[in-house]
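S.K.: Curious how this folds, go ahead:
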Amino acid sequence: MPEITIEPKERASETKPIAESPIGDLRQAIDALRGACSKLQVSVQDINSDLEVTNQRLASAVRRYAETSVFLENILSCIPCGVIAVDQRGRIALMNKVAESLTGYSAHDITGKHYSQTMGRGVPERLTPLYTLATG
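M.R.: Model prediction:
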């Protein structure tokens, strides 16, 4: 039986630079992931900072709205005349206590309804102040 000999390969041809080896590729991938992670952390910090500023502005606006609402409610409740406010579509937006006692309607019951459902029955729309305001 003939003897089979295996020649050893040269070591120089087996050795690859790190970048071309699986370990080098893995190191490059890890470095790329670390860089991307750092960029994402900075982005998240920036977004959180912006969100904090926006939340502070929103909280301030909500506070101002609440203060204004209380102020207007106090004024409305102190007026000795009946006050009913309607929006541009003719829906009742608010009503003070005097108006409630004069009309017999509760503000809770008629807020959001068109004024013609409760007030101004029998008056042609073209003769109403709201029509005049809307059409000039």
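S.K.: For the top helix by length along the chain, what is the distance to the chain centroid?
M.R.: Identified as the longest helix of the chain according to DSSP state H is helix 22-78. When distances are taken as C-alpha atoms, centre = their mean, to the nearest Å, helix 22-78 is centred 12 Å away from the chain's centroid.
S.K.: pLDDT of it, averaged?
M.R.: With pLDDT averaged residue by residue, helix 22-78 scores 93.
S.K.: And for the helix or strand just after that helix, what's in contact with it?
M.R.: Later in the chain than helix 22-78, the nearest helix or strand by DSSP states H and E is strand 84-86. Contact with strand 84-86 is made by Ile92, Ala93, Leu94, Met95, Asn96, Ala99, Thr103, Tyr115, Met119, Leu130, as judged by C-beta atoms under 8 Å, 6 or more residues apart in numbering. In this view, the C-beta of every residue, glycine as well, is placed from N, C-alpha and C.
S.K.: From the chain's centroid, how far away is strand 84-86?
M.R.: The answer for strand 84-86 is 29 Å, by C-alpha atoms, centre = their mean.
S.K.: buried set for the helix or strand just after it?
M.R.: Downstream of strand 84-86, the first helix or strand assigned by DSSP H and E is strand 92-95. For strand 92-95, a neighbour-count test (16 or more other C-beta atoms under 10 Å) marks Ile92, Met95 as buried.
S.K.: Nice, that's everything, thank you.
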